[in-house]
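Q: Make a model of this:
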Amino acid sequence: MTEPNDDDQAMLRNFRQLAARAVPDPTFTVARAADLLDMSERSLYRRFRELTGQTPYAYLREHRLHHARQLLQEGAVRSVEEAAFAVGIEDVAYFARIFYRHFRQRASDLLHP
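A: Below is the predicted model:
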């Protein structure tokens, strides 16, 4: 990983802010983030990976999963489907699969009775 300069830190901060605001939006993509950051998608992928060790797509997916886990733990959602939709993932089976792969726990195990 590369040590970030001031421009890199600003790009990372701005991308993370965009990702946080875009959690419920299923249409938000890395390409859209690159446009908003006035970068090419390729440049965003390359620089983000150099600085963080992960792709912007992986960061966005991970951010959504952590937010979904928080919603499930707090009882803010009543179903796995509701959790998936709340974080912008429209395919519930995909959500359940990546949730388990990431946390080694089923999303349904976190539902409050």
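Q: Show me what the lengthiest helix in the chain is packed up against.
A: Counting residues, the longest helix in the chain under DSSP state H turns out to be helix 56-74. On a contact count with 3 or more CB pairs under 8 Å, 6 or more residues apart in numbering; DSSP states H and E, helix 56-74 meets helix 6-21, helix 30-36, helix 41-52, helix 80-86, helix 92-103. For glycine as for every other residue, the C-beta is placed from the backbone atoms N, C-alpha and C.
Q: Looking only at the second one, what residues are buried by neighbour count?
A: Put plainly, it is helix 30-36. Neighbour-count burial for helix 30-36, counted by 16 or more other CB atoms under 10 Å, picks out Val30, Ala33, Ala34.
Q: got it, and the fourth one?
A: The neighbour-count check on helix 80-86 (16+ other CB under 10 Å) flags Val80, Ala83, Ala84, Phe85, Ala86 as buried.
Q: before we move on, what about the first one?
A: For helix 6-21, burial by neighbour count (16+ other CB under 10 Å) applies to Asp8, Met11, Leu12, Phe15, Leu18, Ala19.
Q: Quick one: the residues you listed as JSON lines, columns for distance to Glu50 too.
A: Formatted as JSON lines, the buried residues of helix 6-21 follow (distance: CB to CB, whole Å):
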{"residue": "Asp8", "distance to Glu50": "9"}
{"residue": "Met11", "distance to Glu50": "11"}
{"residue": "Leu12", "distance to Glu50": "11"}
{"residue": "Phe15", "distance to Glu50": "13"}
{"residue": "Leu18", "distance to Glu50": "19"}
{"residue": "Ala19", "distance to Glu50": "18"}
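Q: Domain parsing of this protein, as residue ranges.
A: 6-59, 61-110 (automatic domain parsing).
Q: Save those domains as TSV, and put in mean pLDDT too.
A: TSV is the format used below for the domains of the chain (pLDDT from 0 to 100):
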stretch	mean pLDDT
domain 6-59	96
domain 61-110	98
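Q: Quick check: of the buried residues of helix 6-21, which lies closest to Val92?
A: The shortest approach to Val92 among the buried residues of helix 6-21 belongs to Ala19, at 21.3 Å (CB to CB).
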